[in-house]
Each structure stands twice: as C-alpha cells, then as structure tokens.
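Novice: sequence and predicted structure are below.
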Amino acid sequence: MERTLVIIKPCAVQRGLIGEVLSRFERRGLKLVAMKMTRLDAEICRRHYAHLADKPFYPIIEESMTAAPVVLCCMEGIDAVEVVRTMAGATNGRKALPGTIRGDYCVSHQENIIHASDSLESAAQELERFFKPEDYCSYDNPLLGYLYAKDEL
Ligand code: ADP
C-alpha cells in the first residue's frame, strides 16, 4: 500500500468543502490514516513549495496557503499517489476535467482546493514534514476484500 499527502487548502476550508472532498476519497476506497487541521506559517509553506519559491507568483501561493487553516490528510491505498493525483485533476482549475475535484469545485489556478503529492518520493518527504509517527492510526478495513481482488492485495 502507498501513502500520500492531501492538503485541503484554505480556499476549500473557507468554502465549507472539507466534507465533500473527504467523502470523495472515502467513496473511492482510499483509507484515511492520519488527519489534522492546522494553520501553515510562511516558513513551512516555503519549504513545502520550495520548487516554486523563485516564481513570480510565489507570494500569492504563500498568502493564499497561510490565510486560513488547512486540513492535512494521509490517504492510503494501492497506487494511492497516482489515484489521488488523477482525482485532483489539472493544476489550473479552469483546465481541470469535470469529474475531478478541481474540475468540479474550482475555476482558479491558485485557489484549486487541494494539494496532492506528485510522486512516491515527494509523498514520503511531505508526510514526514507534516506528521509524526504517532499521528498515524492503525485500524482494519473490513471491506478490503471488496475494494481489491485477492491478487492485488
Ligand atoms: P500541483 O498543485 O498540481 O502539484 P504545482 O506543484 O505546479 O501543481 O503548483 C503548486 C501550487 O502552486 C498549485 O496547486 C497552485 O496553487 C500554485 N500554482 C502553480 N502554478 C501557478 C500559476 N502559474 N499561477 C498561480 N498559482 C500557481
């Protein structure tokens, strides 16, 4: 099983979309194994978006990501990184396909509802940035045998 980080961004928190976003992942069959609501500060935001820190739009990212709380979620499943990225849709909400989270809930490049890790390597780094080992909850999913075939598990 893979683990990946989802950040429900301040725009979605402000718009009352936390439940809608989480329910999509739950319905799909992803397992929520850690979750916390917090407010990002400028330093952690800069670390998280280090690959964009020298872009002209970086100040907008920082302003937007620190404007209100976020919800940090760790989702678990087979190929979870790719499954969650596909569900998120294109970065620019105006280009995201209907049926994706961004395509259904936003029309903005920045105010695009969620962050989702883009590789297994970045998922591991990002999860370490935001969660401690004791933040993870271990519990059985009795539906596992209905979510996946025997040869997938
Ligand atoms: P993604 O979030 O799809 O992985 P990136 O890592 O490229 O995309 O960008 C991170 C975040 O930075 C985006 O989700 C978006 O909030 C913001 N962003 C990226 N590019 C732009 C842009 N050209 N204009 C405004 N915001 C942007």
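Specialist: Here it is on my side, so go on.
Novice: what does this protein put close to the ligand?
Specialist: Proximity of the chain to the ligand, by CB under 6 Å from any ligand atom, involves residues 52, 57, 61, 91, 109-110, 112, 115, 118. The way it works is simple: take the backbone N, C-alpha and C, and place the C-beta from them, glycine included.
Novice: who wins for neighbours among these?
Specialist: Highest neighbour count within the residues of the chain next to the ligand, by other CB atoms under 10 Å: residue 112, with 25 neighbours.
Novice: poorly predicted segments of this protein, please.
Specialist: Counting by pLDDT under 70, the chain contains no low-confidence residues.
Novice: for it, which segments count as helices?
Specialist: 10-14, 18-28, 42-48, 58-65, 80-88, 101-105, 120-130, 144-147 (DSSP state H).
Novice: for the ones you listed, which one sits closest to residue 74?
Specialist: Comparing the helices of the chain against residue 74 with CB to CB, the closest turns out to be helix 120-130 (5.9 Å).
Novice: show the backbone phi and psi for residue 106.
Specialist: Main-chain dihedrals, residue 106, degrees, to the nearest 10: phi -150, psi 160.
Novice: any idea what sits nearest it, other than its immediate chain neighbours?
Specialist: The shortest distance from residue 106 to any non-neighbouring residue, by CB to CB, 6 or more residues apart in numbering, is to residue 93 (3.6 Å).
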